[in-house]
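J.: No letters, just coordinates:
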């Protein structure tokens with residue numbers, strides 16, 4: 001699992017979807033947060049995801 005926190009932004013990912021779901025549920029019990037769906041932009045970076053790769057520009 002990868003977790004990135006910057007000030008009040010957080011992204012997380014895992015090759016195991018169950019880890020993401022469990023982490024999301026845990027975070028929702030402790031903090032008020034919104035799920036924004038698939039990541040496209042983060043901190044001014046464009047993110048493109050395909051099944052076997054992730055591109056960051």
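T.: In hand now; what should we look at? The shown structure was predicted, so the numbers you read here are calculated from the model rather than taken from an experiment.
J.: Bridged to the nearest residue to residue 42 once chain neighbours are set aside, which residues?
T.: Nearest residue to residue 42, sequence neighbours excluded (CB to CB, 6 or more residues apart in numbering): residue 11, at 5.9 Å. (Each C-beta comes from the backbone N, C-alpha and C, glycine too.) Residue 11 has these beta-bridge partners by DSSP bridges: residue 4.
J.: Residue 11: neighbour count?
T.: Residue 11 has 14 neighbouring residues, counting by other CB atoms under 10 Å.
J.: show me the contacts for it.
T.: 3, 4, 39, 42 (CB atoms under 8 Å, 6 or more residues apart in numbering).
J.: filter the residues you listed to the buried ones?
T.: Neighbour-count burial (16 or more other CB atoms under 10 Å) applied to those gives residue 39.
J.: Residue 33: which of the contacts of residue 11 is nearest?
T.: residue 3 (13.1 Å; CB to CB).
J.: The closest one contacts residue 14, doesn't it?
T.: No: contact status for residue 3 versus residue 14: not in contact, 9.3 Å apart, counting by CB atoms under 8 Å.
J.: Now list whatever residues contact both of those two.
T.: In contact with both residue 3 and residue 14: residue 23, using CB under 8 Å, 6+ apart.
J.: circling back to that earlier point, which among the contacts of residue 11 gets closest to residue 27?
T.: Using CB to CB, the contacts of residue 11 come closest to residue 27 at residue 3, 9.7 Å.
J.: Against residue 56, how distant is that closest one?
T.: Separation of residue 3 from residue 56 (CB to CB, to the nearest Å): 16 Å.
J.: Check residue 37 too.
T.: 18 Å.
J.: Those two: who's more crowded?
T.: Between residue 37 and residue 56, counting by other CB under 10 Å, residue 56 is the more crowded of the two (10 against 6).
J.: Contact partners for the more buried one?
T.: 45, 46, 47.
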